[in-house]
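Colleague: Predicted coordinates and the sequence they were generated for:
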Amino acid sequence: MKRPAAIAFWLLALLGVFLSAATGAASGAGAPGVGLTAPVFTLATAGGRMVSLAGLRGKPVLINFWATWCPDCRLEMPEIARFQQIEAGRVTVLGVDEREPAAIVQDFVRRGGFGWTFLLDGQGVVGMAYDVQALPTSVFVDASGVIRQKYVGPMTLGQMKAFLREAQAGG
């Protein structure tokens, strides 16, 4: 009889921690904005390779927060693929999957034939650091690590090219 009570206690405690973290993220406390240094992170690919934002300095980076279940993310993927092909060598594209298992992400990327780097944010920590409120959310970081643009919703190829020009001008 004590066991269900203990489980309920821990579940409520975890819910409280989650709600506190979500409230902090929703308020934007400490969230980076345009013109500020992008929070540095290191995440793993579905294959286990570690990738660090700090290691990508010197070239603009598009960080795209997404999930396989997100219809707008799926709509945007072919545009990102075209952008990545056209701008290869001039920009690094990172797809940061929010809170999904590696196997699901790996299968989705393989079936779609997408060629940029996909990272796993299994606990949503990086998404919270960037104050991601909705998917997809894209952040353009210039070569010196400064956020030049943050966009919520699916982007077009034209928007990505324009945001890249801004990032290149800023860095």
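Modeller: Looks like it arrived, so ask away. If you're wondering where the values come from, they're calculated on a predicted model, not measured in any experiment. Residues are numbered from 1 along each chain as shown.
Colleague: switch to C-alpha atoms for all contacts and neighbour counts from now on
Modeller: Fine.
Colleague: Would you work out how far apart the start and end of stretch 144-159 are?
Modeller: Taking CA to CA, to the nearest Å, stretch 144-159 runs 21 Å from one end to the other.
Colleague: Return the distance of it from the chain's centre.
Modeller: 12 Å (CA atoms, centre = their mean, to the nearest Å).
Colleague: Let the chain start at 39 from now.
Modeller: Noted, 39 is the first residue going forward, which turns the last one into stretch 182-197.
Colleague: The residue nearest the centre of the chain bridge partners, please.
Modeller: Geometric centre of the chain, nearest residue: Phe103, 2.9 Å, by CA atoms, centre = their mean. Under DSSP bridges, the beta-bridge partners of Phe103 are Val134, Thr175.
Colleague: pLDDT score assigned to it?
Modeller: On the pLDDT scale, Phe103 is placed at 98.
Colleague: just Ala205 next, same as before
Modeller: Looking at Ala205, the pLDDT reads 87.
Colleague: For it, list the residues it contacts.
Modeller: Pro98, Phe178, Val179, Asp180, Ala181, Ile185, Arg186, Gln187 (CA atoms under 8 Å, 6 or more residues apart in numbering).
Colleague: Out of those, name the two that are farthest from one another.
Modeller: The span of those, defined through CA to CA, is set by Ala181 and Gln187 at 13.0 Å.
Colleague: ok, back up a step: so the residue nearest to the centre of the chain sits right up against Leu173, yeah?
Modeller: Yes - Phe103 is within contact range of Leu173, at 6.4 Å (criterion: CA atoms under 8 Å).
Colleague: Now for the contacts of Ala205, which sits with the most neighbours around it?
Modeller: Val179 (33 neighbours; other CA atoms under 10 Å).
Colleague: What pLDDT does the model give that one?
Modeller: Looking at Val179, its pLDDT is 97.
Colleague: What of Phe56?
Modeller: pLDDT, Phe56: 36.
Colleague: One more: Thr106?
Modeller: Reading off the model, Thr106 has pLDDT 98.
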